[in-house]
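Peer 1: model the structure of this input:
(one chain, ligands or ions: 2)
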Amino acid sequence: MANYKPAAGFDESSHSVLSVQHLIAKEPLSSIPQQFVRPNQEPPSTFSNTETGSLPTTPTIDLEQLLSDEASADIELEKLHSACKEWGLFQLVNHGVSISLLEKLKHEIEDFFQLPLEEKVKYRKPGDLEGYGCDQVISKDQKLDWGDRLYMTTNPLHSRKSHIIPELTSSFRSTLELYIVELQKLAVKVLDILGRRLKMEMGEMGELFEDGKQSVKITYYPPCTQPELVMGVVAHTDGTGITILNQVNGVNGLELKKDGIWIPVNVLSNALIVNLGDILEIMSNGMYKSVEHRAIVNSEKERISIAMFISPHLDAKIGPVTKLTNHQNRPIFKTIGMEKYVKNFISYNHEGRSHLEYMRLCD
Ligand SMILES: O=C(O)CCC(=O)C(=O)O
Ligand SMILES: [Fe+2]
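Peer 2: Ligands and ions are numbered 1, 2, ... in the order given. Below is the predicted model of the structure:
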């Protein structure tokens, strides 16, 4: 296993960092390397709603409305609550993150991925999940996702890797730092609202997430000549509290599973996508959904996304909110410390087992 050879065409001189972008730039591929081919993928839904003649669309939530003093705020809050129950995902508009910051970040990211491979591999250390590149090959039969990432822990600050953010160009670094601060503030606003709907004390949810665990994954999905054979990101749920996804260059590809069918998310311009992770499902005692989702690629256009993973701080306790449970509504999940939660999550993920199922209490 240890001396497993990467697919022909991967640049083995570059510290074994795999890059789909550079694999396909090197020579036109006559066929997709087997490491990427996932047979028997479930296709996206062609289901059509007979009344409207269209696919069900993901809910849109207006943050300005939610935060306003008007009666419409209550209506928006109920929309948010049902989006979390029914979908586990919503598009957030009027989110307050400046469009010029989003534009600037887009250009910085495009410039980053256009760097030569030799430059980008400096952001990866052997054996480390963080940094630049495609999936790491750890076993012979492993299937790889069709995408290259720049993945990094951003909080707590002492967990940041010295060869990643500090080594970015100063303009990319400062733009990214601004984005990190803006999105963390946004996340806490949304989480505070959800906390109140989940009967938590005022500010209790915000306190859990204020200086929480946070990481950022920027993904570049190159076009693929046979997109139906590969997967940008294979189906999964996020282990987070919430994830805020920015579909940077406007190319769709995110799909979610609802009532057993895969539904494409057609992202509105200037919207950010918020998806709930396992921690919100646990805290809400199963009322909210940790949404199963995946990213597909297409044959024509590259796609770029930024996922910001937002979770509680490492001293927090992860379990159902006390006020949601009583003799009739027993807790259906365990309560454990965040540090243990993270360790368990990583080892379950590694073994391909569901960590959410591990957290579920038996009757
Ligand atoms: O890029 C996307 O659309 C989704 C990425 C994602 O779900 C993830 O990285 O967890
Ligand atoms: Fe995800």
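Peer 1: helix/strand/coil for residue 291?
Peer 2: Under the three-state scheme (DSSP: H, G, I helix; E, B strand; the rest coil), residue 291 adopts coil.
Peer 1: run the chain-centre distance for stretch 80-87.
Peer 2: Centroid separation between stretch 80-87 and its chain, computed with Cα atoms, centre = their mean, to the nearest Å, is 18 Å.
Peer 1: now do stretch 165-172
Peer 2: In this view, stretch 165-172 has its centroid 22 Å away from the chain centroid, taken as Cα atoms, centre = their mean.
Peer 1: same deal with stretch 205-222?
Peer 2: Relative to its parent chain, stretch 205-222 has a centroid offset of 9 Å by Cα atoms, centre = their mean.
Peer 1: how about the CA coordinates for it, as CSV?
Peer 2: What follows is stretch 205-222, C-alpha atoms only, in CSV (Å, rounded to 0.1, in the frame of the first residue of the first chain):
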residue,chain,number,x,y,z
MET,A,205,-25.3,29.4,20.7
GLY,A,206,-23.1,32.3,19.8
GLU,A,207,-20.9,31.6,22.8
LEU,A,208,-20.3,28.0,21.6
PHE,A,209,-19.3,29.1,18.2
GLU,A,210,-17.6,32.5,18.9
ASP,A,211,-14.0,31.4,18.9
GLY,A,212,-14.9,28.1,17.4
LYS,A,213,-13.1,25.5,15.3
GLN,A,214,-13.0,26.8,11.7
SER,A,215,-11.4,25.5,8.5
VAL,A,216,-11.6,26.6,4.9
LYS,A,217,-11.5,24.4,1.7
ILE,A,218,-11.2,26.1,-1.6
THR,A,219,-11.8,23.6,-4.4
TYR,A,220,-11.0,23.9,-8.1
TYR,A,221,-13.0,21.3,-10.2
PRO,A,222,-11.6,21.1,-13.7
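Peer 1: any residue of that stretch up close to ligand 1?
Peer 2: Yes: using Cβ under 6 Å from any ligand atom, stretch 205-222 reaches ligand 1 at 217, 219. For every residue, glycine as well, the C-beta is placed using N, CA and C.
Peer 1: what mean pLDDT does that stretch get?
Peer 2: Here stretch 205-222 scores 97 as its mean pLDDT.
Peer 1: start at 43 instead
Peer 2: In the new count, where the first residue is 43, that last one comes out as stretch 247-264.
Peer 1: buried ones in that stretch?
Peer 2: Neighbour-count burial for stretch 247-264, counted by 16 or more other Cβ atoms under 10 Å, picks out 247-251, 254-264.
Peer 1: sitting in helices, which of those do you find?
Peer 2: 247-251 (DSSP state H).
Peer 1: from those residues, which is closest to ligand 1?
Peer 2: Using Cβ to the nearest ligand atom, residue 251 is the member of these that sits closest to ligand 1, with 18.1 Å.
Peer 1: my guess is the closest one meets residue 283, correct?
Peer 2: Yes: using Cβ atoms under 8 Å, residue 251 is in contact with residue 283, at 6.2 Å.
Peer 1: overlap in contacts of those two?
Peer 2: Shared contacts of residue 251 and residue 283, defined by Cβ atoms under 8 Å, 6 or more residues apart in numbering, comprise 229, 233, 352-354.
Peer 1: let's have those residues in a markdown table, adding secondary structure, pLDDT and distance to ligand 1.
Peer 2: Shown next, in a markdown table, are the shared contacts of residue 251 and residue 283 (DSSP: H, G, I helix; E, B strand; the rest coil; pLDDT from 0 to 100; distance: Cβ to the nearest ligand atom, whole Å):
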| residue | secondary structure | pLDDT | distance to ligand 1 |
| --- | --- | --- | --- |
| 229 | helix | 98 | 15 |
| 233 | helix | 98 | 18 |
| 352 | strand | 98 | 12 |
| 353 | strand | 98 | 13 |
| 354 | coil | 98 | 18 |
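Peer 1: counting neighbours, which of these comes out on top?
Peer 2: Highest neighbour count within the shared contacts of residue 251 and residue 283: residue 353, with 28 neighbours (other Cβ atoms under 10 Å).
Peer 1: just checking, it touches residue 252?
Peer 2: No: counting by Cβ under 8 Å, residue 353 sits too far from residue 252 to count as a contact (11.8 Å).
Peer 1: residues from this structure in reach of ligand 1?
Peer 2: 259, 261, 275, 280, 287, 295-296, 335, 337, 347, 349.
Peer 1: cutoff 8 Å now
Peer 2: Contact residues (Cβ under 8 Å from any ligand atom) of the chain with ligand 1: 189, 191, 259, 261, 263, 274-275, 278, 280, 285, 287, 289, 295-296, 315, 317, 335-337, 345, 347, 349, 351.
Peer 1: derive a ChimeraX selection command for the buried subset of the residues you listed.
Peer 2: The buried subset of these, as determined by 16+ other Cβ under 10 Å, is captured in ChimeraX by this line:
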select :189,191,259,261,263,274,275,280,285,287,289,295,296,315,317,335,336,337,345,347,349,351
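Peer 1: okay, and which of the residues of the chain next to ligand 1 map to strands?
Peer 2: Judged by DSSP state E, the subset of the residues of the chain next to ligand 1 located in strands is 191, 259, 261, 263, 275, 278, 285, 287, 289, 296, 315, 317, 335-337, 345, 347, 349, 351.
Peer 1: got phi/psi on residue 298?
Peer 2: Main-chain dihedrals, residue 298, degrees, to the nearest 10: phi -130, psi 160.
Peer 1: ok, the shared contacts of residue 251 and residue 283 vs residue 162, which is closest?
Peer 2: residue 352 (26.0 Å; Cβ to Cβ).
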